[in-house]
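S.K.: Next comes the sequence, and after it the predicted model I'd like to discuss.
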Amino acid sequence: MSKKKRTGLQRVLHSRFYRVYFCVVALALAALCVGRVWLNGVLVDYEAAQPVYVAEKVADLFEQGDYETIYQLDTSAAEIAGGDESFYLDSLRELSEGRDVEWSEAYSPNEDERRYSVTLDGDRFATFSLVPSGETTRHGNTLWKLGSVSTLVQVQATPEAPEETPAPAAPVGIDCVITAPEGCTVTVDGVELTEANASIASRPVIAEADFLPAGVESVTYREYRHTSTTESPVVEAKDASGSALTVTQVDANTWSCPLTGDETFRESYSGGVFSLAKRVARIMVGDARVDSMKKFCAAGSPARNIFDNLSNRWVTPHTGSSFENIVVSEFFLHSENCFTCHVSFDFTLDTKVGKQTYPTAYTFCVIRDGGKAKLYNLLMR
């Protein structure tokens, strides 16, 4: 009998090479599916941890007029009508009746606090804050909780006094809250504030203490409180040399004095800093080799450790990239051999589905190492 010939498909199916080939393809597809599921879980986890969702729940109490719950949370409730809950509830309901409640995030100089403002028809009504709960999500994202609630209105019961002896008028003035770099001289209406006015301990301006090399101290902020005797207090600040600093009024009773960066230093080094930021961005998307950063990082530094352990396998496939809206700012000289700065830009990738833009920001700590400027640490925001 003649030997039966195999068809092309039968030869493929009986080929050891194609069997292995198809197994590898199947495994690759399975790994891709698993990777997409994992990445989606990371994004969902990150989104669920955003403080805005906790803020919405707190703001809903004001929008629904749930003043019974607000009374239990309000740190200023005891100051309103002697802590009379019924008077508190009746007064706030009467005040908010028929008025539009709106809320928005307010400025907070502290990265570990989120502040929010509540208004009635545009008039300031209350504030509340969120702080880290001490817990994290499965992927390490910080979870937030309510820190404090404070109504800003002044409600007082009508004093029962004889008509001929009216109660004395309350003094005119407001409680001022001023945040300024430690070491500055801060005055309100010409009155110099002292350590006795400081309401909280120092906190770093740039980042936590371990962001800088050992022995290098970060400039810190102090928050001061002072009761002004006028409705429009004059808040001023000067640095250690006596030069005036810019003071910005954040809201009706809050002022902020940001640390002034070294403009001359920025003009000299901003070009080099942005070149370094572009290299970091390109490494993150696989357009440059990770090990190419080693010569730009100080030996034994946290930055070197970051790039030694960096994996950029899960980048978005693209054919090109560009940088737009570049801002290099906040140059602070901490010692003659150490400075920090901030770089932000829009990083756009050319992908199969079009251009995708990623707002990007880095904070760099640069030191002098072997006579050259080297990256010591970085924050990716």
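M.R.: Received the coordinates, thanks. Numbers count the residues shown, from 1 in each chain.

S.K.: Just give me the residue right at the centre of the protein.
M.R.: The chain has residue 111 as the residue nearest its centroid, 5.3 Å off, counting by CA atoms, centre = their mean.

S.K.: That residue: which element?
M.R.: Assigned by DSSP states H and E, residue 111 belongs to no helix or strand.

S.K.: separation between it and residue 381?
M.R.: 10 Å (CB to CB, to the nearest Å). The C-beta positions use only the backbone N, C-alpha and C, and glycine is treated the same way.

S.K.: Need the residues touching each of the two.
M.R.: Here residue 111 and residue 381 share no contacting residue, scored by CB atoms under 8 Å, 6 or more residues apart in numbering.

S.K.: so residue 71, which of the three states?
M.R.: Secondary structure state of residue 71, per DSSP: H, G, I helix; E, B strand; the rest coil, is helix.

S.K.: tally of neighbours for it?
M.R.: 18 (other CB atoms under 10 Å).

S.K.: That one contacts residue 87, doesn't it?
M.R.: No: counting by CB atoms under 8 Å, residue 71 does not reach residue 87; the two are 10.6 Å apart.

S.K.: For the residue nearest to the centre of the chain, give me the pLDDT.
M.R.: On pLDDT, residue 111 comes in at 76.

S.K.: what's the spacing between it and residue 367?
M.R.: From residue 111 to residue 367 the distance is 23 Å (CB to CB).

S.K.: re earlier: where do the contact lists of residue 71 and residue 87 overlap?
M.R.: With CB under 8 Å, 6+ apart, residue 71 and residue 87 have no common neighbours.

S.K.: Can you give me the buried ones in stretch 87-101?
M.R.: For stretch 87-101, the neighbour count (16 or more other CB atoms under 10 Å) marks 88, 91, 92, 96, 101 as buried.

S.K.: Same check on stretch 364-375?
M.R.: So for stretch 364-375, counting by 16+ other CB under 10 Å, buried means 364, 365, 366, 367, 369, 373, 374, 375.

S.K.: Identify the residues contacting it?
M.R.: 206, 211-213, 269, 272-273, 276-277, 293, 296-299, 301, 303, 336-343, 376-378.

S.K.: From what I see, residue 226 and residue 197 are in contact.
M.R.: Yes: assessed by CB under 8 Å, residue 226 is found in contact with residue 197 at 5.5 Å.
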